[in-house]
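# Task: produce atomic coordinates for the following.
(chains A and B)
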Amino acid sequence: MSDIPAFHHRSPTTEAPALQWALTGIAVLGLALLVLAPLVAVFAEALADGAGAALRSLANPDARAAIRLTLTIAAISVPLNAVFGIAAAWFITRFDFRGKALLITLIDLPFSVSPVVAGLCIVLMFGSNSLVGGWLVAQGAPVVFALPGIVLATLFVTFPFVARELIPVMIEQGRSEEEAALTLGASGWRVFRTVTLPNIRWALMYGVLLCNARAMGEFGAVAVVSGKIRGQTATMPITIEMLYQEYLSVAAFSLAVVLALLALVTLLLKAGLERRHADQLAATHRP
Amino acid sequence: MHIEIDEISRLFGATAALHPVSLSVPSGALVALLGPSGSGKTTLLRILGGLEFPSSGRVLFDGQDATGLSVQERRAGFVFQSYALFRHMTVSENIAYGLKARPRATRPNPAEISRRVARLLDLIQLPDIGARYPAQLSGGQRQRVALARALAIEPRMLLLDEPFGALDAKVRKELRQGLRDIHDNTGLTTVFVTHDQEEAMELADLVVVMSMGRIEQIGRPQDIRARPATPFVRSFITA
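Numbering: from 1, shown residues only, chains lettered A, B, ... in the order given. Model (predicted):
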């Protein structure tokens, strides 16, 4: 046997080195061209007239209002959708009922419906020409062209993220740990807090991060319902687009950089949490 | 504790998982529910533990109607088929879970809890594994931890669903004796579910043979061997 050169012993699932390099190269190239290059371009454009110009454009009241509005929307819609998502995933994975498949399809609906259509639906339902909308306007609480409408549109568009992350995890984990906790005397709420939640926390975090990214970045649905009132209902993506249309590219790209940085912060947060809990992740993963 | 099952049935939609069955488990007995999958044995065990409710019939604990008691009120030490240990908690935290879940008035103080956890770890002969996570244990160790966790709540009975199902043959034999010892030391009325007739016959005082949601025969192992009541029992115990 010793006359067989060692380098011929390759596991059946291992590819030839050349192919390995080629595949890695394609992946890296794709990442560089599609993700990294645009990001660099955005930064370069923002800093085209120097850091001072970029910072001055961000100090503009409209830009600051847009940042504040986008953060407000995320702060309202992400927690709400986290709660809705947990409730929906819980309901779907822990109970058997008629129409379950239909409910799962409904949860996915925002993924398949164009955000613009979703925005139009909200305008139709709550616009000042509709019954509900007219009454709300008369009460001095308009939905469309105001914060509530933008939040509703964002909630609709980001609804599936948390539930979609949780459902497969909760199906995989099954009921038995929760049942065990019940037999040990724990109340339903205690079971949720001490068993269910810790088991789904990573999936929940991914869902919340995705939900947050989309909530801050949503354009189509928000564009329809917001009315794009500068300094009032124009979110960051909408303000960026308006500035760009007005050939204010430094201002547009500076705001785009802030939006990109906000996304990066959430990613760093995730990476940091994973690093801090690495031991626990390894120990509690199924063998 | 004496357990009386009085004409219990369970329907899932139109299909009957259990036809009305009756069974009396004497206090302190070690009883096996033996049958193939789909025989209704696990359903019956879950009804005893309060994880499922019967469509009709009653469950009596020491003569008291317990049919409506919630799973928490039953105080049944339940060992699940794949043990269902809390994977994000250490072994000690797993065992202490039921004590910490008690209302403040009856909850032991932290020092007392850790004393009891240590005692239970001694009982299952694994005194040094308290700081480990379930994923770091062997199958046999997990089963014993699940047993300790169930015993920690000072249960009124022990219910075990295929407690040896996930183990290899050698460990299985050892742990059978382990369960027998724990049963004899605690005197707890114990009901376990198995599809392995050898296991049932060797371990139990009383064997309940089930098939298709019905009880085929109830008896001591040697009596069932000597006088199988139905053709099903005869074929199942010789299989």
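# remind me which residues of chain B are low pLDDT?
The model of chain B has pLDDT under 70 over residues B:239.
# mind listing the strands for it?
Secondary structure of chain B (DSSP state E): strands at B:3-12, B:15-25, B:30-34, B:56-61, B:64-65, B:76-79, B:157-161, B:189-194, B:206-211, B:214-219.
# Minimum distance to chain A: which of the ones you listed has it?
strand B:76-79 (4.0 Å; Cβ to the nearest Cβ). Where you see a C-beta, it was placed from the backbone N, CA and C, and this is true even at glycine.
# For that closest one, what is the distance to the chain centroid?
Centroid separation for strand B:76-79 versus its chain: 6 Å, with Cα atoms, centre = their mean, to the nearest Å.
# Which strands and helices lie in contact with that strand?
Under the contact definition 3 or more Cβ pairs under 8 Å, 6 or more residues apart in numbering or on different chains; DSSP states H and E, strand B:76-79 sits against helix A:176-183, helix B:41-49, helix B:139-152, strand B:157-161.
# Pull it out as PDB, backbone CA atoms only.
This file holds the C-alpha atoms of strand B:76-79, laid out as PDB (Å, rounded to 0.1, in the frame of the first residue of the first chain):
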ATOM      1  CA  ALA B  76     -45.700  13.900  38.300                       C
ATOM      2  CA  GLY B  77     -42.100  13.400  37.700                       C
ATOM      3  CA  PHE B  78     -42.000  12.900  34.000                       C
ATOM      4  CA  VAL B  79     -39.100  11.600  32.000                       C
END
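# strand partners of that strand, parallel vs antiparallel please.
Counting by DSSP bridges, the strands paired with strand B:76-79 are strand B:157-161 (parallel).
# mind listing what's buried in the partner strand?
B:M157, B:L158, B:L159, B:L160, B:D161 (16 or more other Cβ atoms under 10 Å in any protein chain shown).
# among the strands of chain B, which is the most enclosed?
Highest mean neighbour count of those: strand B:76-79, a mean of 28 (counted as mean count of other Cβ atoms under 10 Å in any protein chain shown).
# Tell me how many other residues crowd whichever residue of the stretch 1-150 of chain A sits closest to chain B.
Nearest residue of the stretch 1-150 of chain A to chain B: A:D96, at 9.5 Å (Cβ to the nearest Cβ). A:D96: 8 surrounding residues under other Cβ atoms under 10 Å in any protein chain shown.
# Can you tell me the SS state at it?
Of the three states, A:D96 takes coil according to DSSP: H, G, I helix; E, B strand; the rest coil.
# residues in contact with it?
With contact set as Cβ atoms under 8 Å, 6 or more residues apart in numbering or on different chains, A:D96 has no partners.
# That one and A:A88: what is the separation?
15 Å (Cβ to Cβ, to the nearest Å).
# likewise A:L259?
Distance from A:L259 to A:A88, counting by Cβ to Cβ: 28 Å.
# Would you mind listing what in chain B touches chain A?
Residues of chain B lying near chain A by Cβ under 8 Å from any Cβ of the partner chain: B:49-51, B:71-72, B:74-78, B:80-82, B:84-88, B:97-98, B:101-102, B:133, B:135-136, B:149-150, B:152-153.
# let's see it at 7 Å
B:49, B:51, B:71-72, B:76, B:78, B:80, B:82, B:84, B:86-88, B:97-98, B:101-102, B:133, B:135-136, B:153 (Cβ under 7 Å from any Cβ of the partner chain).
# just the buried members of those residues?
Listed as buried from those are B:49, B:51, B:71-72, B:76, B:78, B:80, B:82, B:84, B:86-88, B:97-98, B:101, B:133, B:136, B:153; burial here means 16+ other Cβ under 10 Å.
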